[in-house]
Each structure stands twice: as structure tokens, then as C-alpha cells.
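1. Sequence below, structure please.
(6 chains)
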4 protein chains.
Amino acid sequence: MRKSNKILKREAILNAAKVAFAEKGFDAALLQEIADRAKLAKGTLYLYFNSKEDLFLSLIEDELDKFIDITETVCKESCHSIEKIKMLIKNIVRHFEVNKEFFCIFTPERAGFTKTHHPEIRERVIPKYRKGINLTAKIMKEGIKEGKIKSLDPILLAYALSGLINTLIAKWLLDEGKVSLEKSSMVVTTIFLDGIKTDNEKKTTTETRRT
Amino acid sequence: MRKSNKILKREAILNAAKVAFAEKGFDAALLQEIADRAKLAKGTLYLYFNSKEDLFLSLIEDELDKFIDITETVCKESCHSIEKIKMLIKNIVRHFEVNKEFFCIFTPERAGFTKTHHPEIRERVIPKYRKGINLTAKIMKEGIKEGKIKSLDPILLAYALSGLINTLIAKWLLDEGKVSLEKSSMVVTTIFLDGIKTDNEKKTTTETRRT
Amino acid sequence: MRKSNKILKREAILNAAKVAFAEKGFDAALLQEIADRAKLAKGTLYLYFNSKEDLFLSLIEDELDKFIDITETVCKESCHSIEKIKMLIKNIVRHFEVNKEFFCIFTPERAGFTKTHHPEIRERVIPKYRKGINLTAKIMKEGIKEGKIKSLDPILLAYALSGLINTLIAKWLLDEGKVSLEKSSMVVTTIFLDGIKTDNEKKTTTETRRT
Amino acid sequence: MRKSNKILKREAILNAAKVAFAEKGFDAALLQEIADRAKLAKGTLYLYFNSKEDLFLSLIEDELDKFIDITETVCKESCHSIEKIKMLIKNIVRHFEVNKEFFCIFTPERAGFTKTHHPEIRERVIPKYRKGINLTAKIMKEGIKEGKIKSLDPILLAYALSGLINTLIAKWLLDEGKVSLEKSSMVVTTIFLDGIKTDNEKKTTTETRRT
DNA sequence: CATGAATGAGGATTCATTCAT
DNA sequence: GATGAATGAATCCTCATTCAT
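-> Sure thing, here's the model as predicted:
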């Protein structure tokens, strides 16, 4: 089934915007530049988005949806929680690897969530962000119930995981991709899992390993 | 010894700038606003800084110096590495607690380090940032040598710690300070330490606890 | 054939700029004033010129082209050199008479050619100015070859003529047009021609007159 | 007799201003730059001049006075008019040769006399300029009375001479001093004198030459 | 007298947004 | 639907002028 022309153009704009916003940030990115990249006239952008801010927020919404999809898919897997966390890390890192731009767009924005001068961000973006966190927290909760994960605040665990992944991507970008993302990713996985597992589970794992 | 008038004014500007940049980001922050807050005329800013960008970068430099100071102080403590890490987390979190603004300024900037359109950032800020990371990594190296920390890339460990702290602050800001930063801080400490300790060390700790 | 809208607007801006620059000079002339006079918004100027300086230099280029045209036309006439010089003076004076503004723009600029702080002026304006001088010098050379003009440096003769015309216009402007430009123009013509003619030619002229 | 300190500083400022105004023009020249060059503080300028404009006009007044002095001195010589004109050209050219700056300041200003947005210029500068012209015209009048100069408007003759000298200096500056000023100066003298002499006088001169 | 830090009005330039075609 | 010319509000930076020391 072919996507309608309208939807194709919307996507072209969003892709162009992603690159532009990633490179320069919201204020410094130019609509002209986005239009050029999308091979459309500047005025045409307004047929698809109400304003620069609407375009920006729509982009973040769309991108966050992808993360929610990734997390939901992992949630639905039939393996146990530790396994799900490993999958989640792998999938999210892989997604960022081919989508560095969103990292450069979202991380700045998240830091300014509380005092942002884009009031709409609170309504359109924060809920989606929380949804992703909550889905991750659900996995943590499972693990706690299963006795595999320490009985800590699952939301906090979800944030911790997200923070580790974020830092990993930031380092990778700073090193300009010189270091293998996969290798560092495994280190982070180890730290996080060893950090959150119950003593019980660790032994198990160790025994499993020994087997 | 009293600070000279010149230095006092410089600091007034930097403080005003910190608030403004934190609230709106580099581009959207107005020099007029900064001048107003510093109770100076707009033109006066230019007696202390060459441009908006110079003010911005000077601010980040000064603030990063504070982090470097904190980390250096911890490095010089005479306790062992695990203890140093605990202190480091505590001191950094405490510093962010009274200095939320810098979090909102630096995190966005760090995400865009590679593609930033402030070219001077590479020379003026990134080296300082790396210095902080390296100091933290030094503590990690000590721990590894002492056999207390898993033999992982110390730089990566430093990034991991920084990522966890960052996420912690981000969550705290998002929750608008409703949750105790100290409590979450302890959770993060636990996760990180358990995640990086050698099996040996963990036993020791456990045994210690049992005692 | 009607001029395209684009070209018409460009000319409206140049005309507005001519008045403004003539009245106040480059620095003191305001783009807002130029825009108002051209019945356009300030920002619109930037659709036609890259900067205030570009507008200024474009204006001078266009105006110098008119002088070059005048001089080239005279060059191509089929009369002898003395006659051409008379025509040249008449046509240039007539052109200045309806275009006082350019005199007020170019004369100041010419005086500062060597030390100008508009570096592009060297590339964009001086060559055109020299071209005009060279065309005039060509006429002088003809006269010298014909034996009608003293064998002096033709370039210097061209400058001398230009200087006489300039001073004439300056006086006329200073007198606020109270004196007939045509009459003074004839005096200047007499002085210049009698000053440059060979003794031979002077006799001829005298004899002709006597006839 | 030593000049008072006050007068010395005033002159230092005027000299500094001359260079600055010559290089950049009235608007673009900076008081800071003038103060630096005069080795004084910026504020000190205001102890000697009321404003930037006052400094500018004072400078022009002083410089015009020098030209008036030169012209008056020539006037008082006991030779006949043609000789005086030769002396005048020589002295003025010599003065410009070591005082190029004033050329770059005054010529632009003169072109804008009529529409200038410095209203005071009319009162402070134009009268002095006219005085210089009138003194030169006086010499012309003498020549006419002596029957040596054609019976043309002496004021116009004065302007013509000034125009020729101006153009000479302008060419010299444009050529960056590559050409000898003295040589071109003689050509201009020849053109002007041959242009204005009566037939009678020319014969005399010719005969004199032949002798 | 001399200073130079502080002022703030002023202006070139940019760019999101609109709208006639 | 699509365009891109036109708009003009918004903001960084400059610099003549003032005045407390």
C-alpha cells in the first residue's frame, strides 16, 4: 500500500528538520534550510505544520513514539526481565546508532524540560517521555516481582538505565565514532545488571556462567 | 580580603547569565535580560566579555572549573576508591542541587559537542570537560589497581557514573524537586557500586555488613 | 518591452539609496530611510542586495557605468578630438545637472580611494573609474596624434578635465544652483581647450574665427 | 616661547584626529582611536572639544587657515599675477604633499557642503573656504587688470585652479605616490596658465621663451 | 585637570510568518 | 495545493557622551 503524497511530504519535512535541529538546535536551525533539504518551498512547510515550534514538537513526538514502540515490543517478549533489559539496551543503542540526530535534539530539550520557554512541550512531549520511562519501569517491576532485581524504585531504575545509555551515546559521539558502540554497550549492560541484580540472582548468573 | 569591584561585577554578570541561559538556552536568552538581572547596562556586558558567545563559554568554563575542583578535592582524600566514589557522587549531587541552572546549560551543550555551531567550544570547553572525566577515571583506576573495581575501561566507568548522576538530576528537575534528591542519590550510588565492584569486594562489603 | 518587476524594484532601491547616501554619506544614511523612500520594508532590501555596503557599491557601479556610456558614445562620434572634448564636457555636465546626488556620493569616495575602509571598493569601483579615465584619455591621444593637443600625458589630461568639471559642479552646488551651469561650463571648456591646444591649432582656431 | 601645555594637547588631539578622520571619515573614525593616538584618555577629549563634530569642524577650520595663510602670503608677494599663480600652485601642492590627510578629509566634505547633515558646517567652514577662494580670485583679478589673464569670472578661475590641483592630488594618491607630484604639477600649471592667458600674454611668453 | 568605567540610544541584519499568485 | 517575495519585529553590538573619582 503506497503512502499518500501528503504523508510522504510530511515525512520529508520531518527528516529534513531532524538533521537541521540536530546540527544547530531549535533557534539556530532555519526553516529555509529545512525547506531546501526537503525540496519544498519555505511556505509549504506551513501547509503541514502550524509553526516552527509545532514542527519541532511534532518531530520529537514522532521520534519518541519510535522509542515507545521499541520498548513496548521488548515488553511483550516472552523472556524474563533480565533478558528483556539486555534486549532493550541493545535495541535502543542500535536505534540511536542510526539516528544520532535525535539524540542531539532530545537530550538538550530534556535538560530544559522544567523551565522551557516552549510551554507546549509540557503537554505534547513530557507525557510521551514519561510513557517510555513507565514502560521501562514495568520491566523493572517484573524483575523485582521475579526476585531477580533489587527492590528499588522501578521508575528510578528506568531513569538509571536511560542515563547510562545516554552517556554511552554522548561519549560515542564525542569520540566521533572511533570506539565501537557495541563494546561499550556491553560494559554498560554489565554494570547496570550487576548493579541492580539481587544477590540471589547474581549467584544464579554466576553458576549459570560456570556451567 | 575583599574582591575587587571589577571581579564582583564579572561575577554578577555570570550569575545573571547562568539564570538566563538556563531558562531559555543560548539563542533565546537576551543580553538585555542578563544586563537587567545584573543591574548593569547592556553595553557594560561588553566591558567584561567580548560577545554573547564569549560570555556563554566563559560561564561554562567557570562552572566546569568548579566540578574539576570538586573532583580534585575528592581525589586527594586519603580514603580508598570506593569511598571516594561515594564522596564524589555526594558532592556533585549536592553541587547540582544548589546549581540547577548549570545542569540546564551544560547538558544540552554537551549533547551537541560534535556538531556545535560555536566553534570555540571545542577549544575552550571540551578540554575542561575531558579533564573532569579523566580525574574521575583516575579514581576508577585506583579502584581497579586495589582490586576493588572490575577491570573495565576507567574512562567508560567515569562516563557511566556521570551519566547516572545526570539522569538523576534530570529526573529530579522533571519531578520539580518533589522527590528527595538525597534518597535517589543513594539508590544510584548503590547501583553503580554494585555494578562495578569485583566479586571479591562485594563479598567483603557483605561480610562487613554482616559483622 | 516592460521592465520586470524585479528590476523595477531594484532601481527603486538604488534611487532611494542615491538620495540617502548623497544627503548623509554612507555611514549616516539609514537603511530604514532608504526602504521608506523606496516604499519597501527594510528586510526587502536584503532580497536585492547583500548588505548596506553591497548596495552602496552597486549604486556606484551603476552610476559609473552611465559615465562610461557617455564617454564611449562621445568616443564613437565622427568629429575630431577637440569637438569630442567639447561634447564630453557638455554631456557630463548635463548628466550631473540632473544627477547631483551622485556627485555628492562619488567625490567623497574618490578622495578616500586609497585608504577606504570598504575593501571591496578596490575591486568593484576603482577599475570602472579608471576605465572612464582611460576612455577620456583615448580622446586626448587622438588629439595629440592629430597635432591638435599638446603632447602631454593623456591620462593626466583626462584627470585635469575631470578635475575641472568636478570643481565646476562643486561650485554650482555650493552656490545652490543660482548660477547658470551652462555658462560656467563654457568658461571651463575655454580654459581647458586653450590650455591643452598646440600653438598650431590655436592659430587655426583664431584664423577660423577671423574668417 | 613655549606653547602652553593646554595648547600642546589640543594640537596632539587635532593631529590624531586628522589621521583618524582621513583614514575612515567622520562617522567611522572613533574617538577612542583618536584618544589613543594622542596618548590621552577618551574623556579628556571633551575638555578640549565639545563633541566629535566640534573636533571635526575645529580641525577643518585650522587646516583651512593654513591654506588661507599660504594664499595670503602669495598675494603679498611683489611679483606679477602669473608668477603668483605659479607660486600658489607650488606652495599648495607642497602643502598637500606633506598633508595628504587633509585632502582626504576636506574633499569629501566639500562635495556634501550643500546638503550636509552637520548644519554647523555652513557657519564654521564654508566662510573660510570662500575666503580662500576669494583670495585666489584676487590674484586672478590682478592678472585680468594687468591684461595678462582673460577677462573671465575671477571666482570661476579660482575654482578652476583649485579643481585642477585637487584632481592632481587625487591622481597622485590613487597612484600611491608612484608618479612624481612635481612633474604632474608642472603639467597642470602649464595647462592652466595657457588656458587663462590672454593672446597678448601668450605671445609675450612665447617670445620670452624664444629669447 | 585627567581618567576610563558605565551608559543606552541607535542601527544593520536575520528570519519566522504571511499571502497574492 | 504550492510558491517565494515581502514583511517587520526582534536583537546583538557599537560608540559618543557623561561623571564619579
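
2. I'd say residue A:163 and residue B:159 touch.
-> No. Using Cβ atoms under 8 Å, residue A:163 is not in contact with residue B:159, being 10.6 Å away. Placement of C-beta: from N, CA and C, glycine included.

3. so where does the spatially most central residue of chain A fall, helix or strand?
-> Closest to where the C-alpha atoms of chain A average out (Cα atoms, centre = their mean) is residue A:67, at 5.0 Å. Using DSSP states H and E, residue A:67 sits in helix A:52-76.

4. where does chain A have low pLDDT?
-> For chain A, the stretches with pLDDT under 70 are A:1-3, A:112-117, A:177, A:199-211.

5. Show me how the record splits it into domains.
-> Chain A breaks down into these structural domains: A:1-49, A:52-210 (assignment by automatic domain parsing).

6. so which of those comes closest to DNA strand F?
-> Closest approach to DNA strand F among these (Cβ to the nearest atom of the strand): domain A:1-49, 1.8 Å.

7. So the closest one, near chain C or not?
-> No. Remark: domain A:1-49 sits outside contact range of chain C, by Cβ under 8 Å from any Cβ of the partner chain, the gap being at least 12.7 Å.

8. Now do the helices in chain A.
-> A:5-28, A:31-37, A:45-48, A:52-76, A:81-97, A:100-111, A:120-124, A:126-145, A:154-174, A:181-196, A:199-210 (DSSP state H).

9. if we can go back for a sec, chain neighbours aside, what residue packs nearest to the residue nearest to the centre of chain A?
-> Nearest residue to residue A:67, sequence neighbours excluded (Cβ to Cβ, 6 or more residues apart in numbering or on different chains): residue A:132, at 5.1 Å.

10. check contacts around the one you found.
-> By Cβ atoms under 8 Å, 6 or more residues apart in numbering or on different chains, the residues touching residue A:132 are A:64, A:67, A:68, A:71.

11. In CSV: these, plus distance to residue B:44.
-> CSV is the format used below for the contacts of residue A:132 (distance: Cβ to Cβ, whole Å):
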residue, distance to residue B:44
A:64, 43
A:67, 46
A:68, 49
A:71, 51
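
12. from those, which is closest to residue D:108?
-> residue A:64 (62.3 Å; Cβ to Cβ).

13. who's in contact with the residue nearest to the closest one when sequence neighbours are not counted?
-> Spatial nearest neighbour of residue A:64, chain neighbours left out: residue A:128 (4.3 Å); criterion: Cβ to Cβ, 6+ apart. Contacts for residue A:128 (Cβ under 8 Å, 6+ apart) come out as A:60, A:61, A:64, A:65, A:68.

14. near DNA strand F, which residues of chain A show up?
-> Within reach of DNA strand F by Cβ under 7 Å from any atom of the strand, chain A has these residues: A:5, A:6, A:9, A:40, A:41, A:42, A:43, A:44, A:46, A:47.

15. tell me the two of those residues that are most distant?
-> The farthest-apart pair in these, when distances are taken by Cβ to Cβ, is A:5 and A:42, at 19.1 Å.

16. what residues does stretch A:137-155 touch?
-> Contact with stretch A:137-155 is made by A:74-75, A:80-82, A:84-85, A:88, A:133-134, A:157-158, A:196-198, A:200-201, B:171, B:184, B:187, B:190-191, as judged by Cβ under 8 Å, 6+ apart.

17. can you do 7 Å?
-> For stretch A:137-155, the surrounding residues in contact (Cβ atoms under 7 Å, 6 or more residues apart in numbering or on different chains) are A:75, A:80-82, A:84-85, A:88, A:133, A:157-158, A:196-198, A:200-201, B:187.

18. Which two among the residues you listed are spaced furthest apart?
-> Greatest spatial distance among the contacts of stretch A:137-155 (Cβ to Cβ): A:133 and A:200, at 26.4 Å.

19. more crowded one of those two?
-> Neighbours were counted for residue A:133 and for residue A:200 using other Cβ atoms under 10 Å in any protein chain shown; residue A:133 has more, 20 against 11.

20. which ones are touching the residue of chain A found nearest chain D?
-> Nearest residue of chain A to chain D (Cβ to the nearest Cβ) works out as residue A:28 at 30.4 Å. Counting by Cβ under 7 Å, 6+ apart, residue A:28 touches B:27, B:117.

21. what about it, distance to residue B:53?
-> 12 Å (Cβ to Cβ, to the nearest Å).

22. List, one by one, the residues from chain A near chain B.
-> Within chain A, the positions near chain B by Cβ under 7 Å from any Cβ of the partner chain are A:22-25, A:27-28, A:103-104, A:107-108, A:110-115, A:117, A:152-153, A:156, A:159-160, A:162-164, A:166-167, A:170-171, A:173-174, A:176, A:184, A:187-188, A:191-192, A:194-196.

23. For ChimeraX, what selects the buried ones among those?
-> Of those, the buried ones go into a single ChimeraX selection, burial set by 16 or more other Cβ atoms under 10 Å in any protein chain shown:
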select /A:22,23,24,25,28,103,104,107,108,110,111,112,113,114,152,153,156,159,160,162,163,164,166,167,170,171,173,174,184,187,188,191,192,194,195,196
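
24. Contacting DNA strand E as well, which ones from the residues of chain A next to chain B?
-> residue A:28.

25. gap between residue A:77 and chain C?
-> Per Cβ to the nearest Cβ, to the nearest Å, residue A:77 is found 56 Å from chain C.

26. Not counting sequence-adjacent ones, nearest residue to that residue?
-> Nearest to residue A:77 is residue A:84, by Cβ to Cβ, 6+ apart, at 5.8 Å.

27. So that neighbour versus residue A:92, what's the distance?
-> Residue A:84 is 12 Å from residue A:92, by Cβ to Cβ.

28. Kindly report the same for residue A:173.
-> For residue A:173, the distance to residue A:92 (Cβ to Cβ) stands at 15 Å.

29. Ok, residue A:151 next?
-> Note on residue A:151: its distance to residue A:92, by Cβ to Cβ, is 25 Å.

30. what does residue A:133 give?
-> Distance of residue A:133 to residue A:92, given as Cβ to Cβ: 13 Å.

31. what do you get for residue A:122?
-> Note on residue A:122: its distance to residue A:92, by Cβ to Cβ, is 24 Å.
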